[in-house]
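K.L.:
show me how the following folds:
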Amino acid sequence: MNPRHAIVIAAALGLLAAAPAEAESLRCNGSSTGEGDSRLSVLYKCGEPLLKDSYCAPWVQAGTLQPLPGAYAAAVTPCQPVEEWVYDRGPGNLMATVRFKSGVVQSILYGRAPQSAQ
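P.N.:
Next up is the predicted model:
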């Protein structure tokens, strides 16, 4: 293989690896909902979920997975409210867990059972 071709192929593979992952969406009743949609929008498009849960997740520093030090976090709020709604999409389809932070869809996860908090 020509060294120039190898460099071009390596550069192309590097760009593909650096491309952002496509956000998940959820199809409901002929419309689609996804990241950034409000709870009201999801409820309107998809109806009532099978299950709902809410909990307080620790705040994390931007760009890291480290929780904020207690003194800083407690000065603002002790935790960030998170809601998860589970939709049973029927036979042959995986369950969908829609996770909300600050009232908007943060992620949509698919699986046979609800996912653990991350």
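K.L.:
all helices for this structure, in order.
P.N.:
Under the criterion DSSP state H, the chain contains helices at 3-18, 39-46, 70-76.
K.L.:
contacting residues around residue 36?
P.N.:
Going by C-beta atoms under 8 Å, 6 or more residues apart in numbering, residue 36 touches 104, 105. Bear in mind the C-beta positions are built from the backbone N, C-alpha and C, glycine included.
K.L.:
when you give positions from now on, start the count at 24
P.N.:
Sure, I'll start numbering at 24, so the last one becomes residue 59.
K.L.:
before we move on, the earlier item: mean pLDDT lowest where, among the helices of the chain?
P.N.:
For these, mean pLDDT drops lowest on helix 26-41, to a mean of 46.
K.L.:
please name the nearest non-neighbouring residue to residue 79.
P.N.:
residue 102 (3.2 Å; C-beta to C-beta, 6 or more residues apart in numbering).
K.L.:
tally up the residues packed near that neighbour, please.
P.N.:
Neighbours of residue 102 under the rule other C-beta atoms under 10 Å: 13.
K.L.:
repeat for residue 80
P.N.:
Counted with other C-beta under 10 Å, residue 80 comes out at 14.
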